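Quick one, fold the following:
(4 chains)
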2 protein chains.
Amino acid sequence: MSRPPRETAAAPEPKPGRRASQRPTIRDVSRLAGVSRMTVSRVLSDPELVLPTTRDKVLKAVADLGYVPDKTAGSLSSRRTGFIALMLPTLTNANFAAVAHGLTEALREANYHLLIAYTDYDMAEEERQLLNLLARRPEAIVLTGAMHRRNASRMLMAADVPVVEIADLPSQPIEHAIGFSNYQVGRTAARYLLDRGFTRIGALAASPDGEVTDHRGEERMRGFEDELRLARLPTDAVLRHGSAPVSFHHGATAFRALVEAQPDIEAIFAVSDLSAVGAVMEAQRMHIRIPDDISIMGFGDFEIGREINPALTTIHVDFRALGLRTGKMLVDMLASDATPAPSVVDVGLRIVERASIKDR
Amino acid sequence: MSRPPRETAAAPEPKPGRRASQRPTIRDVSRLAGVSRMTVSRVLSDPELVLPTTRDKVLKAVADLGYVPDKTAGSLSSRRTGFIALMLPTLTNANFAAVAHGLTEALREANYHLLIAYTDYDMAEEERQLLNLLARRPEAIVLTGAMHRRNASRMLMAADVPVVEIADLPSQPIEHAIGFSNYQVGRTAARYLLDRGFTRIGALAASPDGEVTDHRGEERMRGFEDELRLARLPTDAVLRHGSAPVSFHHGATAFRALVEAQPDIEAIFAVSDLSAVGAVMEAQRMHIRIPDDISIMGFGDFEIGREINPALTTIHVDFRALGLRTGKMLVDMLASDATPAPSVVDVGLRIVERASIKDR
DNA sequence: GTGACAAATGATATCGGTCCCATCAAAGGA
DNA sequence: TCCTTTGATGGGACCGATATCATTTGTCAC
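Coordinates of the predicted model:
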C-alpha cells in the first residue's frame, strides 16, 4: 500500500496511543474554556476557589461538551473512591432492603455511593463477594450478620478501613457493631409467652442443615430454647422445618406440621413475621382460631403483620433507622481522620402487642 | 528543633511523593516474586499465559502479602470498569428487588458488578443519580420505568454505552427495552373482569398528584379505564386514593373508601397486589365476603397473594426472569464488540386465577 | 513606590494498574 | 547451521483525574 497523499492541512491528529474514546475528558474542557485542567477540577469539586468569571467559562464548556467527570480516575488520584460497601444476605427481604435505604439516605448528602453485594445466605459466596468489594477500595465496609469465615475476617482486618457489623451483634466484633442480639430476641419472645401464662409453647424456624443456613434465625431459636429450659419447660415443640430462607409458605406448612405433631400447642413464636403470617393464614384454612385456640407472635414487624386479621404481635427492630444511624456514624468517622475506638451499640428490641396473642 | 542524628544505615526511605498507603500494590508483589508487574497482572487476569512455575511464585507472593488488586486502577487503564448500572424506583419492593437479583445472577459469571441507584419515585432524583452512575463509567445502563426527564434522556444517549429499559415498555425506547406494557396490564385486567360478567367495576390506585407519582400504576389505570370505556361502562369507581407508593395499608383504606362511595361495586382491580391484599384484609374486617360479595384482583403476583384467604387472582410478570434475561443479553452484548440494533421485547403477562374472583 | 501577603491559577508528578510492543529463549524447518 | 515462528516475559507509556508546589496577579500598609 502506498503512502496516502500529503494532507492539505495536516490535522493535529491525536496520538494513537490507545484506542481513543469519544468521551470528553477534563483536558477537553480545559482547552475549550482556556484554563488549566486544575482549574476545571476545582470548579467541579470546590467552586469557591475559583473566580466567578472563570467558573462560568468552565461551566459553559462543561455543558457544551456534556462532560461528565470520570470518578474512576478521580478515585485513583485522590485515593478516595466514595464507595461504602454493604454486604447483605439478600435484597428480597424488606428489612434488609430497609437497611440499604437508610444507609443510602445517610450517605447521600456526603456524596458516598453504596456498593451492594449479597450472599444469598451462602458463606462461601460471602468470601468471594468480599474480595470483589475490597477490590473496589471502599472507604468503609458494612456487613450484616455476625458469621464470617476465618478468611473473611482476616481480609476485613487487613482492609484497613472502618468495618461495621450491623443488625446482629457478634460475640467478637471485628471493629464496630450496631444492632441487636438475635439470641435476646429469642429469649424475649419466650419470656413474653411465659409471662402470658402459656406452658405448651412452640416455635417455627428453618432447618439449619439445608444448603443455606439462617444463622440469625438459628440464634433466635437458641435463645428461645434456653429461656424455655430455664423455665423448666420442654423444647420439643420447637420445630425446625424446611429450608432457609423462610417465607409465608414456609410458615404455612410449618404451622400445619407443628399443630399435627403437637395438637395441644398453646402459643407459637415464629423466627420471622413471614412465617408467622403464613401460619395465621394456614390457621384460617384449618379453622383454628387465632388467638383463641393458638397465640402467635413473629419477629421483624413487617407491614403485612399490621394488616392481617388478627394483627400480628411481633418484635420490632427499626432496620431503616439502623441503616441511617450506621450511615451517619460512617460519615462522621470518615470526615474526621481520627480512628475512633471500636464501639458496640445495642439498639434494643420492642415488643409490639397486637391481637394475635391472648393471655391464657 | 535540631536535625535528628544521622542514621546509622540510611534506610532507602520511600519517596514521600504522596501519603503512602500501607496496602501492597502489584509492584510489591512483582518484587517479592521476582517478576515484572505485567507478569503479575497476567497471572491474575489470564493465568494461562504464564508458566506454571512462574504462576506459583506469583500466587505465593500474592498470598503472603494479602494482595488485593485495585480495580479502580485497573478500570482506568483498561477502560473497562466491570460495572453495570441499575436504576430502580426503590429496593423495598419485592419485584424490583427480584429484578436486581436476577441481574446479579446473570452478571456474576461474567464478573460484572451491579451498581444500584434508586430514585424513590422522584424524577429529579433520577437525574442526579444518573449523573452519579455515569461518573462511574458503567459499561451498560439498566433503567426501570419509561419516564425520564429530557435531560436524563439526553445524558443517556450521549453516554455511549448500551441502555436497556426494563419492566416497562416505553413508547419511545432510548435503545433496548425488555418488559411489558403497564397499559396492557390495565386493559387485560378490565377485559378479564368484563368477561366474568361484572358491570360495576372499580379500581384502587394512588393519586397521581402527590409528591411522588407512580407512573407505572397510572399507566395501568389508563389502560383499565380505556377498556371500561370501550365497553361503554362508567369509570367513576376507579378510585385514586392516597399517595404513592402503595402499600398494604393503602389498599385497606382505599378499599373502605371505595366501598363506602360505591356500595354496589362488584369487582375491583388494584394496581398492585399490595393494595389488593390490603383490600382483602379490610374486607374481612368489614365482613364483606370475598369473592361472594366483591371480587378482587391485583397485579404483581407477590408471594403473600398466594397465601391469603381467599388466594388472590393476579397478573403475573416474572421480574426475576426479566432481570436474568436482561443480564444475559448484556453479557452477550458486551462480549462481542458489535453494536446490535435496538430491540424491544415484550415478555407478556399471565393472569393467575385464584379464588378471589367469582363469575357473576 | 515597594515589600508582604493573600488569592487565583498553572505545571507536573503521581495514583496502580493494563496496553502495546520489544526482547529473548526454545522449537521447528529448510 | 541459520532463519522463522512461537511462547514467555519485560519495559515504558498511558488511562483521566487530583495533590502539591510554584507562579502570577492583586491588595494593602508603610
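
going forward, measure contacts between C-alpha atoms and count neighbours the same way
Noted.

Tell me how chain A divides into domains.
For chain A, the structural domains run A:26-67, A:81-180+A:320-348, A:182-316, going by automatic domain parsing.

Excluding covalently adjacent residues, which one is nearest to A:Glu219?
The shortest distance from A:Glu219 to any non-neighbouring residue, by C-alpha to C-alpha, 6 or more residues apart in numbering or on different chains, is to A:Tyr183 (5.0 Å).

ok, that neighbour - how many residues close by?
21 (other C-alpha atoms under 10 Å in any protein chain shown).

can I get the domains of chain A in CSV with mean pLDDT?
As requested, the domains of chain A are arranged in CSV below (pLDDT from 0 to 100):
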stretch, mean pLDDT
domain A:26-67, 95
domain A:81-180+A:320-348, 91
domain A:182-316, 96
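
Is it possible to get TSV of the ones you listed that adds distance to B:Asn95?
TSV is the format used below for the domains of chain A (distance: least, C-alpha to C-alpha, whole Å):
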stretch	distance to B:Asn95
domain A:26-67	34
domain A:81-180+A:320-348	8
domain A:182-316	15
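
okay if I get those as JSON lines plus distance to DNA strand D?
Converted to JSON lines, the domains of chain A look like this (distance: least, C-alpha to the nearest atom of the strand, whole Å):
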{"stretch": "domain A:26-67", "distance to DNA strand D": "3"}
{"stretch": "domain A:81-180+A:320-348", "distance to DNA strand D": "10"}
{"stretch": "domain A:182-316", "distance to DNA strand D": "40"}
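
quick one: contacts for the residue nearest to A:Glu219?
Counting by C-alpha atoms under 8 Å, 6 or more residues apart in numbering or on different chains, A:Tyr183 makes contact with A:Glu219, A:Arg220, A:Met221, A:Arg222, A:Gly223, A:Phe224.

so where does it fall, helix or strand?
Assessed by DSSP states H and E, A:Tyr183 sits inside helix A:182-195.

rewinding a little: highest average neighbour count across the domains of chain A?
Most buried of those, by mean neighbour count (mean count of other C-alpha atoms under 10 Å in any protein chain shown): domain A:182-316, with a mean of 21.

ends of that one, how far apart?
12 Å (C-alpha to C-alpha, to the nearest Å).

How about stretch A:198-216?
Using C-alpha to C-alpha, the two ends of stretch A:198-216 sit 25 Å apart.

got JSON lines for the contacts of A:Tyr183, with distance to A:Ala276 and secondary structure too?
As requested, those are exported to JSON lines (distance: C-alpha to C-alpha, whole Å; DSSP: H, G, I helix; E, B strand; the rest coil):
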{"residue": "A:Glu219", "distance to A:Ala276": "17", "secondary structure": "helix"}
{"residue": "A:Arg220", "distance to A:Ala276": "14", "secondary structure": "helix"}
{"residue": "A:Met221", "distance to A:Ala276": "14", "secondary structure": "helix"}
{"residue": "A:Arg222", "distance to A:Ala276": "18", "secondary structure": "helix"}
{"residue": "A:Gly223", "distance to A:Ala276": "18", "secondary structure": "helix"}
{"residue": "A:Phe224", "distance to A:Ala276": "15", "secondary structure": "helix"}
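
if I look at A:Ala135, how far off is A:Gln129?
Going from A:Ala135 to A:Gln129 by C-alpha to C-alpha gives 10 Å.

So what's the gap between stretch A:331-344 and the chain middle?
Here stretch A:331-344 is found 20 Å from its chain centre; the criterion is C-alpha atoms, centre = their mean, to the nearest Å.

could I get stretch A:123-142 in CSV with only the CA atoms?
Output of stretch A:123-142 as CSV, limited to C-alpha atoms (Å, rounded to 0.1, in the frame of the first residue of the first chain):
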residue,chain,number,x,y,z
MET,A,123,-20.8,-18.2,53.3
ALA,A,124,-18.6,-19.2,50.5
GLU,A,125,-20.3,-16.6,48.4
GLU,A,126,-19.7,-14.1,51.1
GLU,A,127,-16.0,-14.6,50.8
ARG,A,128,-16.0,-14.2,47.1
GLN,A,129,-18.1,-11.1,47.2
LEU,A,130,-16.0,-9.6,49.9
LEU,A,131,-13.0,-9.9,47.6
ASN,A,132,-14.9,-8.2,44.9
LEU,A,133,-15.9,-5.4,47.2
LEU,A,134,-12.4,-4.9,48.6
ALA,A,135,-11.0,-4.7,45.0
ARG,A,136,-13.1,-1.6,44.6
ARG,A,137,-11.4,0.1,47.6
PRO,A,138,-14.5,1.1,49.6
GLU,A,139,-13.8,3.6,52.3
ALA,A,140,-15.8,1.6,54.8
ILE,A,141,-17.4,-1.8,54.9
VAL,A,142,-20.8,-2.6,56.4
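
Name the residue of the stretch 51-200 of chain A that lies nearest to DNA strand C.
A:Ser77 (3.2 Å; C-alpha to the nearest atom of the strand).

What strand or helix carries that residue?
helix A:71-78.

Which phi and psi values does the residue lying closest to A:Tyr118 once chain neighbours are set aside adopt?
Nearest in space to A:Tyr118, with sequence neighbours left out and distances taken as C-alpha to C-alpha, 6+ apart, is A:Leu88 at 4.6 Å. Dihedral pair for A:Leu88: phi -130, psi 160, per degrees, to the nearest 10.

Please name the residues that touch A:Leu88.
A:Phe96, A:Ile116, A:Ala117, A:Tyr118, A:Thr119, A:Leu143, A:Thr144, A:Gly145.

how long is stretch A:155-174 end to end?
Stretch A:155-174 has an end-to-end distance of 11 Å (C-alpha to C-alpha).

is it up against DNA strand C anywhere?
No. Contact between stretch A:155-174 and DNA strand C is absent, the nearest approach being 12.8 Å (criterion: C-alpha under 7 Å from any atom of the strand).

for that stretch, the distance to its chain's centre please.
Mean-position distance between stretch A:155-174 and its chain equals 14 Å (C-alpha atoms, centre = their mean).

Tell me which residue in the stretch 201-350 of chain A sits closest to DNA strand C.
For the stretch 201-350 of chain A, C-alpha to the nearest atom of the strand, closest residue to DNA strand C: A:Asp337, 18.0 Å.
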